[in-house]
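Colleague: With the sequence up front, the predicted model follows.
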Amino acid sequence: MKVVAIIPALNEAATIANVVQAIPRSVVHRIVVVDNGSADDTAGIARNAGADVVLEPRRGYGNACRAGTEAALDADIVVFLDGDGSFDPAQIGALVEPIIADRAELVLGSRELGGMARNAMPPHQRFGNRLVALLLRLLYGIHVTDVGPFRAIRRATLQALDMREPTYGWPTEMIVKVARRKLPIVEVPTSYGARLGGESKVGGTIRGSVLAGYHMLVLTLKHAWR
Ligand SMILES: Nc1nc2c(ncn2[C@@H]2O[C@H](COP(=O)(O)OP(=O)(O)OP(=O)(O)O)[C@@H](O)[C@H]2O)c(=O)[nH]1
Ligand SMILES: [Mg+2]
């Protein structure tokens, strides 16, 4: 099974080389970094570290993930991870295993199960993730403990989901659409630390937190009542 790692990255010059180089090449065949018009040299540094770089001019986490998926048509499985070094790329093998074993279509890395460093996630973000996980259980009957970005999915399945969300709704949209199709979702414990450098765009900013929380809730409710 061919595995391609997709890393959406916006101004991650301080960390992107570390992340790309830590990805186990025995598991991952190709690394795609999607640069969203960074003001720094994220793209050049990622390329030097061994990644293929895709430029996506339309801003937004979802737009970047979609561009990465379109650049990974050769993949059987795609893995998404952040470019800030908060996840451990060594755990990608554990993340893809349930798909290879045909036990899952979507595998979610759970930071609640894997444990997070004390300063890794602000309390409001942890609360929001737990709340959405609870709603996913109540409204869709799926047992998840976290709604994180570190995840693996069969590429053909992802393509069939017809993903639409341009920004922070993308990760939740993926989960609810897989749940509505009654495809198997498995959680795997993944560790989580504070970003290794650079600046936060989501949880560490008021704007990012409000937008992410809003989109996660709207997506969860919208697809439940459809
Ligand atoms: N391409 C792209 N990537 C983005 C965008 N917003 C965030 N990202 C990336 O998504 C990942 C998660 O963003 P972070 O800023 O780390 O968000 P966070 O994890 O809530 O915040 P921290 O606690 O500071 O790590 C990082 O790899 C970012 O570079 C965006 O608009 N476009
Ligand atoms: Mg982060």
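Modeller: It's in. Ligands and ions are numbered 1, 2, ... in the order given.
Colleague: so does stretch 39-49 get close to ligand 1?
Modeller: No: Stretch 39-49 lies out of reach of ligand 1 by Cβ under 6 Å from any ligand atom, never closer than 8.1 Å. Yep, even glycine has a C-beta here, placed from its N, CA and C like the rest.
Colleague: For the remainder of this discussion, apply numbering that starts at 573.
Modeller: Sure, I'll start numbering at 573, so the last one becomes stretch 611-621.
Colleague: What average pLDDT does that stretch get?
Modeller: On average, the pLDDT along stretch 611-621 is 98.
Colleague: just for the chain, where's the confidence low?
Modeller: Where the chain drops to pLDDT under 70, the residues are 798.
Colleague: how about the spatially most central residue of it, secondary structure?
Modeller: By Cα atoms, centre = their mean, the chain has its centre lying nearest to residue 721, at 2.7 Å. When classified by DSSP: H, G, I helix; E, B strand; the rest coil, residue 721 comes out as coil.
Colleague: which residues touch it?
Modeller: Residues in contact with residue 721, defined by Cβ atoms under 8 Å, 6 or more residues apart in numbering, are 652, 653, 654, 743.
Colleague: if we take those, which one ends up nearest to residue 729?
Modeller: Residue 729 has its nearest neighbour among those in residue 652, at 13.6 Å by Cβ to Cβ.
Colleague: neighbours around that closest one, how many?
Modeller: Residue 652 has 26 neighbouring residues, counting by other Cβ atoms under 10 Å.
Colleague: same deal with residue 765?
Modeller: 18.
Colleague: Please apply the same query to the one 10 residues further on.
Modeller: A count of neighbours around residue 775, defined by other Cβ under 10 Å, yields 19.
Colleague: which residues touch it?
Modeller: Going by Cβ under 8 Å, 6+ apart, residue 775 touches 693, 694, 696, 697, 781, 784.
Colleague: Next one: the second one from ligand 2, what distance?
Modeller: Meaning residue 694. As for residue 694, its distance to ligand 2 is 11 Å (criterion: Cβ to the ion, to the nearest Å).
Colleague: From residue 763, how far out is the closest residue to that residue other than its chain neighbours?
Modeller: Closest residue to residue 694 apart from its sequence neighbours, by Cβ to Cβ, 6 or more residues apart in numbering: residue 775 at 5.5 Å. With distances taken as Cβ to Cβ, to the nearest Å, residue 775 is found 16 Å from residue 763.
Colleague: returning to what we had before: now the residue nearest to residue 694, what's its secondary structure?
Modeller: Three-state assignment for residue 775 (three-state DSSP): coil.
Colleague: Relative to ligand 2, how far out is it?
Modeller: Between residue 775 and ligand 2 the computed distance is 7 Å (Cβ to the ion).
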